[in-house]
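> with the sequence up front, the predicted model follows.
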Amino acid sequence: MRYISTRGASPPVGFVDAFLAGLAPDGGLYIPEVWPQFTTAEIAALAGKPYAHVACEVLSRFIGDEIPRPALMDMCVEAYATFNHPAVVPLVQITPDGFIAELFHGPSLAFKDVAMQILARLSDHVLSARGRTQTILCATSGDTGGAAVEAFRGRANTRIVAMFPDGRISEVQRRFMTTATDDNVRCLAVAGTFDDCQAILKEALADTDLQQAVGLSAVNSINFARIVAQAVYYFTTAVALGAPLRPIAFCVPSGNFGDGFAGYVAKQMGLPISTIVIATNSNDILARALNTGVYARGQVAATQSPAMDIQSASNFERLYFECAGRDGVRTGQAFRDFAQGSVIEIPPESLRLMAETFVGVAVSEADTSATLLRTLAETGEIICPHTAVAVAALNRRGPQADPVIVLATAHPAKFPEAVEAATGLIPTAPPRGQAVARLPERFQAIAASSEAIKAFVREFAGVPA
């Protein structure tokens, strides 16, 4: 399996090189040259298999022979043993044809754990084999940072620097990062938005001198390995509801579009997905793009679903590339211009191809709060604000032809203020959430400056400026 850049100016690489680099040298995102396929019989055979087994089956299609299959299986078993539910991603029924996939049973109580736990083990394996160390620079809108710190803390081959937008994530989200005392972890409170953090990350990854000096990499969803690991739960949940004998729809609360694009990956591999509803809060760049054909950045608004407070969805570049006939020149020009403040006019044929899978729905703050209360009243389930955005989008669309799975991205205890304001109830935190509430925090405030953060990374890695 070889990986190419969405911008077409970087040579193809293998899985391990794409994984370690994160971003292609030309600034594009890696994507497979050819989508691996599952037959209908192979998908059906996944029914009833342990989550780790399905993860190994899906990941192996993208890794090929670069990691021996027995070693990959061992890593999957170890990764998913860290979850506190035997199914890893259980389903809860909320309507006759609607289900919630609970993605929050991992160490940091968020869906990012599902990918991050296996990525940490893959990283250990390949770095040890190559005799290398790495520095992970992580930009987080809330949950990626906590999951990355939980997965990589204490690992001998990796240093991790987690950037988060100061004052724009919940206290519980922040504490899953800032209470880590391991020597290989640093946390930065950036005076800006998540989009600022993400832009700094991309600039740092494009700095070849810095990359070579500190072994710089990323575990945000710009890293394709993250996307592959997230595609696994599309298979496990869809098969549990009857795939491949019937199609399944999904509804995904979306910010950076990694979770939504993971569904596209599963569909390209042969999973019969009829529709993926992309639900956004008032930061609705994705919903607007899918509905109008114009991908245009707006002002970032602070909401009760802060992990979705994004106006530049990195993984949309991958979808644009796919739906533009894999034209790297066109894709590269479009997204370089977008980074400089332009808008992207999506060609009509590309928009038509997007619409074959995706539907965009934007949800207001009032609808989010009302849905938190309505879901509790009708089902007894307390959900997080991000999940509420998706449920609200689903309610707006009305009855569906196929069973629908809503991706519940975080435990409601990570957002107690929003849940209490809407429902009058304070969600009970699992033991891990209760533990971080009592620990002292360690983080450093820093300007939203790429030069300041690159200097910090160099100092942390012990590399002279």
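That came in fine, so what should we check first?

> now name the helix or strand holding the closest residue to residue 69 other than its chain neighbours.
In space, and not counting its chain neighbours, residue 69 is closest to residue 60: 5.9 Å by C-beta to C-beta, 6 or more residues apart in numbering. (C-beta placed from N, C-alpha, C; glycine too.) Using DSSP states H and E, residue 60 sits within helix 51-63.

> strands along the stretch 201-350 of the chain, start to end?
Under the criterion DSSP state E, counting those that start in this stretch, the stretch 201-350 of the chain carries strands at the ranges 216-217, 248-253, 273-280, 294-295, 344-345.

> my bad, should have said the stretch 51-200 of the chain
According to DSSP E, counting those that start in this stretch, the strands that the stretch 51-200 of the chain contains are 91-95, 98-102, 134-139, 158-165, 185-191.

> in its sheet, which strands sit next to the first one, and in what direction?
When you say that, I think you mean strand 91-95. strand 98-102 (antiparallel) (DSSP bridges).

> just the CA atoms of the partner strand, as PDB, please.
This file holds the C-alpha atoms of strand 98-102, laid out as PDB (Å, rounded to 0.1, in the frame of the first residue of the first chain):
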ATOM      1  CA  GLY A  98     -32.000   5.300  15.700                       C
ATOM      2  CA  PHE A  99     -29.000   4.200  17.800                       C
ATOM      3  CA  ILE A 100     -26.100   5.900  19.600                       C
ATOM      4  CA  ALA A 101     -22.600   4.500  19.300                       C
ATOM      5  CA  GLU A 102     -20.900   5.300  22.600                       C
END
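
> one step back: can you redo the strands of the stretch 51-200 of the chain as a markdown table with mean neighbour count and mean pLDDT?
Putting the strands of the stretch 51-200 of the chain into a markdown table (neighbours: other C-beta atoms under 10 Å; pLDDT from 0 to 100) gives the following:
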| stretch | mean neighbour count | mean pLDDT |
| --- | --- | --- |
| strand 91-95 | 16 | 96 |
| strand 98-102 | 23 | 97 |
| strand 134-139 | 26 | 94 |
| strand 158-165 | 26 | 96 |
| strand 185-191 | 22 | 97 |
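
> is it true that residue 114 touches residue 106?
Yes - in this structure, residue 114 is within contact of residue 106 by C-beta atoms under 8 Å, at 6.3 Å.

> what sits against residue 221?
By C-beta atoms under 8 Å, 6 or more residues apart in numbering, the residues touching residue 221 are 144, 227, 230, 256-259, 261, 314-315.

> who's the closest spatial neighbour of residue 192, skipping the chain neighbours?
Spatial nearest neighbour of residue 192, excluding adjacent residues (C-beta to C-beta, 6+ apart): residue 448 at 3.3 Å.

> for that neighbour, what are its contacts?
Residues in contact with residue 448 (C-beta under 8 Å, 6+ apart) are 190-192, 196-197, 200.

> ok now the helix holding residue 60, how far from the chain's centre?
18 Å (C-alpha atoms, centre = their mean, to the nearest Å).

> can you name every helix or strand that that helix contacts?
helix 69-80, helix 224-240 (3 or more C-beta pairs under 8 Å, 6 or more residues apart in numbering; DSSP states H and E).

> list the buried residues in it.
51-52, 54-63 (16 or more other C-beta atoms under 10 Å).

> in TSV, list the residues you listed along with distance to residue 421 and pLDDT.
As requested, the buried residues of helix 51-63 are exported to TSV (distance: C-beta to C-beta, whole Å; pLDDT from 0 to 100):
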residue	distance to residue 421	pLDDT
51	34	98
52	38	98
54	38	98
55	37	98
56	42	98
57	42	98
58	39	98
59	40	98
60	45	98
61	44	98
62	42	98
63	44	98
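
> return the member of those nearest to residue 375.
Nearest to residue 375 among the buried residues of helix 51-63, counting by C-beta to C-beta, is residue 51 at 25.5 Å.

> my read: that closest one touches residue 79, true?
No - counting by C-beta under 8 Å, residue 79 is not a contact partner of residue 51; they are 9.6 Å apart.

> returning to what we had before: now for the contacts of residue 448, which pair is the farthest apart?
Between any two of these (C-beta to C-beta), the greatest distance is 11.6 Å, for 191 and 200.

> closest to the centroid, which residue in the protein?
Centroid-nearest residue in the chain: residue 258, 4.4 Å away (criterion: C-alpha atoms, centre = their mean).

> just give the closest residue to it, not the sequence neighbours.
Excluding the flanking residues, the one nearest residue 258 by C-beta to C-beta, 6+ apart is residue 221, at 2.8 Å.

> follow-up on the earlier one: rebuild the helices and strands packed on helix 51-63 as a markdown table, extending it with distance to residue 98 and mean pLDDT.
Compiled in a markdown table, those are given as follows (distance: least, C-beta to C-beta, whole Å; pLDDT from 0 to 100):
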| stretch | distance to residue 98 | mean pLDDT |
| --- | --- | --- |
| helix 69-80 | 26 | 98 |
| helix 224-240 | 12 | 97 |
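
> which one of those is the most hemmed in?
helix 224-240 (a mean of 25; mean count of other C-beta atoms under 10 Å).

> tilt between that one and strand 273-280?
For helix 224-240 against strand 273-280, the angle by axes from the mean of the first three to the mean of the last three C-alpha atoms, to 10 degrees is 120 degrees.

> ok now the helix or strand containing residue 31, how far from the chain's centre?
When elements are assigned from DSSP H and E, residue 31 belongs to strand 30-32. Offset of strand 30-32 from its chain centre (C-alpha atoms, centre = their mean): 16 Å.
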